[in-house]
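> would you be able to build a 3D model of this:
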Amino acid sequence: MAEFVGAIDQGTTSTRFMLFNHSGEEVAKAQLEHEQILPQAGWVEHDPIEVWERTRTVIEQALQRAGLTGRDVAALGITNQRETTVVWDPRTGRPFGNAIVWQDTRTDRIASALEREGKGEVIRRKAGLPPATYFSGGKIQWILDNVDGAREAAESGEAVFGTMDTWVLWNLSGGTNGGVHATDVTNASRTMLMNLETLDWDDELLGFFGIPRRMLPQIRPSGYHYADTVAGGPMGAEVPIAGMLGDQQGATVGQVCFSPGEGKNTYGTGNFFLLNTGTEAVPSESGLLTTMGYQFAGGEAIYCLEGAIAVTGSAVQWLRDQLGLIRSAEESETLAKQVDDTGNMYFVPAFSGLFAPYWRSDARGVMVGLSRFHTKEHVARAVLESICYQTKDVAEAMAKDSGVELEFLKVDGGAVVNDTLMQMQADILGTPVARPQVAETTALGSAYAAGLATGFWNNLDELRENWQEDKRWQPQWSADQREAGYAGWKKAVERTFDWVDVG
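You can find the predicted model right below:
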């Protein structure tokens, strides 16, 4: 009997493949970065062909390192950067240009026009989302309107759309030779095109963007036997592809947030804070998103409130790659620890506008409160604090919308290895912060979905037993410190507004 479940984690900066055993422990991993293509200010792209080639390679590498083959794998899950949009020709497998990444802001005029025309309220009511550059609907429209031949091809069935889960599934299951064109409810809920009530594409919403229904994938539960990998592919055997979840929903499942009121925050390229609201879709009055949490085969759809923050870990990358202040992400912690505070300066990384709870595409990044006193150590500390303050903004909105005060925050993602950052987070929130033993919960969540769908795991209780705490941080700031720091942050955020004209 196959003793492992595999998970493809197709992220914003890299793709990894991980193998887990029945206890949810990592057995093997391989990871490769892909190019960040920045053609002009505000544009962010990925090459879908490169991403697929990286996916193939990391699967083969991880299996080889573990001394395993596809026959040792009971099921396969896929988790992915959400909203990133690919349109391709299913006859040839060739994309109509690069994928437009979730961070990309080229669709700001499309989003602004939807608000002006009064369509924003309909999108909020039906899809749970505000019209914003973040989501896939505007990206599809941009491709259809700006890429030669794309609209005609879409109307004739010769161009199809997918987020990265759909692109990877299609290639894994045969590509041009019978590849399955499908997505799950969580990824579909990030397009502005799916009705949260019916869990299907909505014709009125499609009409707002001029998108032909025939180019869209079928929507399935997150835990569902979508297809088998082809024997000639990177798995080398027919393995059930039985789990698909957008990355933040994957982390929610990996953190076993299965009860209403349970939540997690993932620290990656951006930060994503999700709170389980159960079988009820709770409309947000405070700038959060109402989104799908997950749906397992045969089970009810579970909804979440989400606070999505565009720039957190990528601000540390910016320190490294654009400014050259650090040589590695780890060095940001080393620098930050050399000063006790930021000297009352703040950094707001609104590089592509602000997401939750502000939704200001006119905002741009600022560093305020600077004096000759400040050093690169203060800057590094301010960058880390900006991650924590943005999370505080979302936590405040969550409490307002849900009426639930956080007792403690489960955290995951690459940045949670930074103990200084986690202590800052506890101090700024005034809430304990808990890190699990398996910090890469995004991949684990998609493995759980696949394993539940195929009987590798029997029920949610088995998954809850797998969750083990690694470390907990207690708040150390006084209430006065916390209040003064947050007041300064709110002033700094205001300085980012109205910087660019978005029409």
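> now the biggest helix by length in the chain: average pLDDT?
Of all the segments of type helix in the chain, defined by DSSP state H, the longest one is helix 376-402. Computed over helix 376-402, the mean pLDDT rounds to 93.
> show me what it is packed up against.
Judged by 3 or more Cβ pairs under 8 Å, 6 or more residues apart in numbering; DSSP states H and E, helix 376-402 is in contact with strand 263-267, strand 271-278, strand 302-309, helix 313-318, helix 329-336, strand 346-348, helix 419-429, helix 479-494. Quick note: C-beta positions are derived from backbone N, CA and C, even for glycine.
> any idea which of these gets closest to Asn466?
With Cβ to Cβ as the measure, strand 263-267 is the member of the helices and strands packed on helix 376-402 nearest Asn466 (14.9 Å).
> bridge partners for Asp412, pull those for me.
Thr266 (DSSP bridges).
> what's the pLDDT at it?
With respect to pLDDT, Asp412 has a value of 89.
> buried residues, stretch 480-488. List them.
Within stretch 480-488, the residues that qualify as buried are 482, 485-486, 488, counting by 16 or more other Cβ atoms under 10 Å.
> if you could redo that for stretch 15-35, that was the one I meant.
With burial defined by 16+ other Cβ under 10 Å, the residues of stretch 15-35 counted as buried are 15-20, 24, 26-32, 34.
> if we can go back for a sec, and the buried residues of stretch 480-488, which is closest to Glu152?
Out of these, the one with the shortest distance to Glu152 is Tyr486. That distance is 52.4 Å, counting by Cβ to Cβ.
> show me what the helix or strand Thr186 falls within is packed up against.
Secondary-structure assignment from DSSP states H and E places Thr186 in helix 185-188. Packed against helix 185-188, as judged by 3+ Cβ pairs under 8 Å, 6+ apart, are the following elements: strand 218-220, strand 240-246, strand 289-294.
> try it again at 6 Å.
Counting contacts by 3 or more Cβ pairs under 6 Å, 6 or more residues apart in numbering; DSSP states H and E, helix 185-188 packs against strand 240-246.
> so for the very next helix or strand once past the strand it packs on, mean pLDDT?
Moving toward the C-terminus from strand 240-246, the next helix or strand (DSSP H and E) is helix 247-254. Average pLDDT, helix 247-254: 94.
> also stretch 89-96?
For stretch 89-96, the mean per-residue pLDDT is 96.
> run the chain-centre distance for that stretch.
Centroid displacement of stretch 89-96 relative to its chain, using Cα atoms, centre = their mean, to the nearest Å, is 25 Å.
> now swap in stretch 494-501 and tell me
Using Cα atoms, centre = their mean, the mean C-alpha position of stretch 494-501 is found 25 Å from that of the whole chain.
> using CSV, list the CA coordinates for that stretch.
These are the backbone C-alpha positions of stretch 494-501, laid out as CSV (Å, rounded to 0.1, in the frame of the first residue of the first chain):
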residue,chain,number,x,y,z
GLU,A,494,-2.6,57.9,5.5
ARG,A,495,0.5,59.3,3.9
THR,A,496,0.4,56.6,1.2
PHE,A,497,-3.0,57.6,-0.1
ASP,A,498,-3.7,59.5,-3.4
TRP,A,499,-0.2,59.1,-4.7
VAL,A,500,-1.2,57.8,-8.2
ASP,A,501,-4.2,58.6,-10.4
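> list the contacts of it.
348, 350, 360, 362-364, 366, 368 (Cβ atoms under 6 Å, 6 or more residues apart in numbering).
> what two of the residues you listed are the furthest from one another?
Comparing every pair within these by Cβ to Cβ identifies Asp362 and Val368 as the most remote, at 17.4 Å.
> mind listing what Met215 touches?
154, 159-161.
> what is the most widely separated pair among the buried residues of stretch 15-35?
Across the buried residues of stretch 15-35, the two lying at the largest distance from each other (Cβ to Cβ) are Gly24 and His34, at 27.2 Å.
> list the beta-bridge partners for the spatially closest residue to Val27 that is not a sequence neighbour.
Distances taken as Cβ to Cβ, 6 or more residues apart in numbering put Leu19 closest to Val27, at 4.3 Å, once the chain neighbours are dropped. With DSSP bridges as the criterion, the beta-bridge partners of Leu19 are Gly6, Ala28.
> now do the contacts for Leu19.
4, 6, 27-28, 66.
> one more time with 8 Å, if that's ok
With contact taken as Cβ atoms under 8 Å, 6 or more residues apart in numbering, Leu19 is in contact with 4-7, 26-29, 62-63, 66, 68, 73.
> same check on Met244?
Met244 touches 77-80, 165, 169, 182-184, 186-187, 220, 222, 224, 226, 446, 449, counting by Cβ under 8 Å, 6+ apart.
> and Leu114, what helix or strand is that in?
helix 108-116.
> whatever helix or strand comes next after that helix packs against which elements?
Following the chain from helix 108-116 toward its C-terminal end, the next helix or strand by DSSP H and E is helix 120-127. Counting contacts by 3+ Cβ pairs under 8 Å, 6+ apart, helix 120-127 is packed against strand 194-195, helix 203-209.
> give me the angle between helix 120-127 and strand 289-294.
20 degrees (axes from the mean of the first three to the mean of the last three Cα atoms, to 10 degrees).
> give me the contact list for helix 120-127.
Counting by Cβ under 8 Å, 6+ apart, the neighbours of helix 120-127 from elsewhere in the structure are 114, 129-131, 189, 191-197, 202, 204-205, 208, 283.
> could you redo the last one with a cut-off of 10 Å?
Outside helix 120-127, the residues that touch it by Cβ atoms under 10 Å, 6 or more residues apart in numbering are 111-115, 129-132, 135, 137, 188-198, 202, 204-205, 208-209, 283-284, 289-291.
> sorry, back to before: turn the buried residues of stretch 480-488 into JSON lines, columns for distance to Asn459 and pLDDT.
As requested, those are arranged in JSON lines below (distance: Cβ to Cβ, whole Å; pLDDT from 0 to 100):
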{"residue": "Arg482", "distance to Asn459": "40", "pLDDT": "96"}
{"residue": "Gly485", "distance to Asn459": "43", "pLDDT": "96"}
{"residue": "Tyr486", "distance to Asn459": "41", "pLDDT": "97"}
{"residue": "Gly488", "distance to Asn459": "47", "pLDDT": "97"}
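> can you give me the helices for the stretch 51-200 of the chain?
108-116, 120-127, 136-146, 150-155, 164-172, 185-188 (DSSP state H, counting those that start in this stretch).
> let's see the first one as PDB, backbone CA atoms only.
Taking only C-alpha atoms (Å, rounded to 0.1, in the frame of the first residue of the first chain), the coordinates of helix 108-116 have been written out as PDB:
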ATOM      1  CA  ASP A 108      -6.800  49.400 -12.100                       C
ATOM      2  CA  ARG A 109      -8.900  51.200 -14.700                       C
ATOM      3  CA  ILE A 110     -11.100  48.100 -15.200                       C
ATOM      4  CA  ALA A 111     -11.700  48.000 -11.400                       C
ATOM      5  CA  SER A 112     -12.300  51.700 -11.100                       C
ATOM      6  CA  ALA A 113     -14.900  51.600 -14.000                       C
ATOM      7  CA  LEU A 114     -16.800  48.800 -12.300                       C
ATOM      8  CA  GLU A 115     -17.200  50.900  -9.200                       C
ATOM      9  CA  ARG A 116     -18.200  54.000 -11.200                       C
END
